[in-house]
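coordinates for the following, if possible.
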Amino acid sequence: MGGGRREGSGAIALIDYGAGNLTSVRKGLAAAGAEFFTPDRPVDLARAAGIVVPGVGHFAATRRIEENWRQAILLALRRGVPLLGICLGLQYLFEGSDEAPDLTGLGLLAGRCTRLPSTVKVPHVGWNGLRIVRPSRLLDGIAGGSQVYFTHSYAAPVTADCAAAAEHGAAFAAVVERENVFGVQFHPEKSGDTGLRVLRSFVQITKFPNSQISKCSQGA
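Next comes the predicted model:
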């Protein structure tokens, strides 16, 4: 792991494990006003104000997140550092995925990811609306029905940790949130103003991790 970095006090660590889309996530974080860096070693997470685990493609790619990185991420979470998983990164927050049954996720959220129904076109690629199901710091000020951009074949279940769902053949978790663990199945860096607002909210959460939900527009 490693790569280019943009340093700053209280910076967000963007994990590079070779699963793609780092360039677009960097651009999204920069547009959201974030200070960020790409850690070279697990110990670098000790100075992170937040952590982002991005990723596209097969769940098997998470095999590259070796045990020393997993433990560093979990240690940071125990310190209260906010974590955001994007697309494959959201799926990694769960116990695992049927896409690579021999691998385990971080297990921060209960449940497994499963393939989208065969009754619809898979992969699911394109814009889809969010159905907000409960208040969320990550979705602060975002209205139900807001359109975001997806590209995926597997998805997480709708559980108590789901803050917003979407539907493609069946309902799935589009946004998850529990304490300092956050995840989005869509690509905020490719989702226009709504995606930028999500990233800005995460940046704000890294600065004030113990802040409460101030508002959250809800809708169908």
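
host element of the residue nearest the centre of the chain?
Nearest residue to the geometric centre of the chain (C-alpha atoms, centre = their mean): G85, 2.2 Å. Element membership of G85 [criterion: DSSP states H and E] is strand 83-86.

ditto for A30
helix 22-31.

what does N68 give?
Secondary structure from DSSP H and E places N68 in helix 67-78.

ok now that helix, how far from the chain's centre?
16 Å (C-alpha atoms, centre = their mean, to the nearest Å).

so what's the residue nearest to the centre of the chain bridging to?
For G85, the beta-bridge partners are V53, G183 (DSSP bridges).

for it, give me its contacts.
For G85, the contact set (C-beta atoms under 8 Å, 6 or more residues apart in numbering) comprises V52, V53, P54, Q91, Y92, L93, F182, G183, V184. Every C-beta, even on glycine, is put in place using the N, C-alpha and C of the backbone.

make CSV from the residues you listed and add pLDDT, neighbour count and distance to L130 to it.
Shown next, in CSV, are the contacts of G85 (pLDDT from 0 to 100; neighbours: other C-beta atoms under 10 Å; distance: C-beta to C-beta, whole Å):
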residue, pLDDT, neighbour count, distance to L130
V52, 98, 26, 20
V53, 97, 27, 21
P54, 95, 26, 19
Q91, 98, 27, 18
Y92, 98, 31, 21
L93, 98, 25, 18
F182, 98, 28, 14
G183, 98, 29, 14
V184, 98, 29, 10
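
widest-spaced pair of these?
With distances taken as C-beta to C-beta, the most widely separated pair in these is V52 and Q91, at 14.5 Å.

quick check: longest helix of this protein.
helix 192-207 (DSSP state H).

buried set for that helix?
Buried residues in helix 192-207, defined by neighbour count with 16 or more other C-beta atoms under 10 Å: 194-206.

now the angle between helix 22-31 and that helix, please.
If you take axes from the mean of the first three to the mean of the last three C-alpha atoms, to 10 degrees, helix 192-207 sits at 70 degrees to helix 22-31.

pretty sure D16 sits against R26.
No - the pair D16 / R26 is not scored as a contact, 10.0 Å apart, by C-beta atoms under 8 Å.

give me the helices and strands touching the lowest-mean-pLDDT helix or strand in the chain, please.
Lowest by mean pLDDT, DSSP states H and E among the helices and strands of the chain is helix 22-31, with a mean of 95. If contacts are counted by 3 or more C-beta pairs under 8 Å, 6 or more residues apart in numbering; DSSP states H and E, helix 22-31 sits against strand 12-14, strand 36-37, helix 192-207.

list just the one of these that sits closest to H124.
Comparing the helices and strands packed on helix 22-31 by C-beta to C-beta, helix 192-207 comes nearest, at 16.6 Å.

sweet, I'm off.
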